[in-house]
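Visitor: The amino acid sequence is not available; the structure is as follows:
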């Protein structure tokens, strides 16, 4: 019986029109890898960056067992678990961190190609150094998000890269023959960069937004935070990425405890290491979480947010709305959400509705910084 891709859901990730739980690239990867999947023994198949479980569960539906899976987003990991339970395949797949144990002894890796070449480099290097000598990597994506540079990244770690025919605007790269050692030009992961103008070091794993840099929106936000909620004893860096805001706040305010939260495993690991690199790990608590689920209602005076607006490759306002709503839940009466956003997104009415009265703190040619206050009436 063919696997029912239509039964897959994105929940607890954002759901809505145009947001699907699988696509043509998933199906092409599975078709290109079908003979290899059938030939795997239990424990030999690994799936990486499978958005909501389509690859792992279709492989399980074809008989594969002992599948190891890593998804960067905690919402994707939970969606896989929910989809597996509904399909009666919960025992076939185990979610694991992105580390050597994930790929140790693997003979087949199914991979959704990430949009970030750095992420691809980190994953490919891990596979080449720790999977079985005969491992095959079957990696695919939508053609509009692929580039020839992906062939080069895979080719730096594996001897052979074969390219499939295109189908339904998707393509697959099949790579075999892992090289015995890290290629000479590669830097180890995670990577770090010193920013003398901020007197800070940023540490990043592959694929985290802005990498070891500091994006211009975050820089603009940092310029405004000096006097923000000056009496706060604690603060939250929501959707923290590499944790630069959390570390900056902890450095600037020695009495402040900061919670840094991100749904991305790579971001959470980066934020922890950024805090360590800047000597504030004792006052920066890092959570891999869906928004602020780890924090209690009405518990925080100060939340800072540079919201993402992509869900995978799709631009969707539901991501920001989810973050705004949870920030409002966590803020105590009188607490403030300080937010930077691309001005063309016009988030202010949404902030007014979901959080509370919102004032503009600063605006430049591209970004707006606002502060939204939770009132007693909102409770």
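Guide: Nice, thanks for sending it over. Remember, it's a predicted structure, so these values are computed and weren't measured experimentally.
Visitor: going forward, measure contacts between C-alpha atoms and count neighbours the same way
Guide: Will do.
Visitor: quick one: terminal-to-terminal distance for stretch 190-208?
Guide: Start-to-end span of stretch 190-208 (Cα to Cα, to the nearest Å) is 11 Å.
Visitor: can you give me the offset of it from its chain's centre?
Guide: 17 Å (Cα atoms, centre = their mean, to the nearest Å).
Visitor: repeat for stretch 217-231
Guide: Using Cα atoms, centre = their mean, the offset of stretch 217-231 from its chain centre is 24 Å.
Visitor: ditto for stretch 145-159
Guide: Its chain's average C-alpha position is 21 Å from that of stretch 145-159, according to Cα atoms, centre = their mean.
Visitor: Could you break the chain into its assigned domains?
Guide: Domains of the chain are assigned by automatic domain parsing as 5-178, 191-373.
Visitor: Tabulate the ones you listed (a markdown table), appending mean pLDDT and mean neighbour count.
Guide: As requested, those are arranged in a markdown table below (pLDDT from 0 to 100; neighbours: other Cα atoms under 10 Å):
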| stretch | mean pLDDT | mean neighbour count |
| --- | --- | --- |
| domain 5-178 | 97 | 20 |
| domain 191-373 | 95 | 20 |
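Visitor: max-length helix in this protein?
Guide: Across the chain, the helix with the greatest residue count (assigned by DSSP state H) is helix 24-39.
Visitor: How about residues contacting that helix?
Guide: By Cα atoms under 8 Å, 6 or more residues apart in numbering, the surrounding residues in contact with helix 24-39 are 45, 54-55, 58-59, 62-64, 108, 110, 112, 138-142, 167-172.
Visitor: Please flag which of those sit within helices.
Guide: The helices, defined by DSSP H, take in 54, 55, 58, 59 from these.
Visitor: Now for the residues you listed: which two are most distant?
Guide: Between all members of the ones in helices among the contacts of helix 24-39, the longest pairwise span (Cα to Cα) is found for 54 and 59 and amounts to 8.4 Å.
Visitor: thought residue 84 was touching residue 95?
Guide: No. Under the criterion of Cα atoms under 8 Å, residue 84 makes no contact with residue 95, lying 11.5 Å away.
Visitor: Neighbouring strands - and their directions - for the strand ranked longest in the chain?
Guide: For the chain, the strand reaching the highest residue count under DSSP state E is reported as strand 331-342. Within its sheet, and counting by DSSP bridges, strand 331-342 is paired with strand 300-305 (parallel), strand 367-373 (antiparallel).
Visitor: export those to a markdown table and tack on distance to residue 188?
Guide: Below are the strands paired with strand 331-342 laid out as a markdown table (distance: least, Cα to Cα, whole Å):
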| stretch | distance to residue 188 |
| --- | --- |
| strand 300-305 | 29 |
| strand 367-373 | 34 |
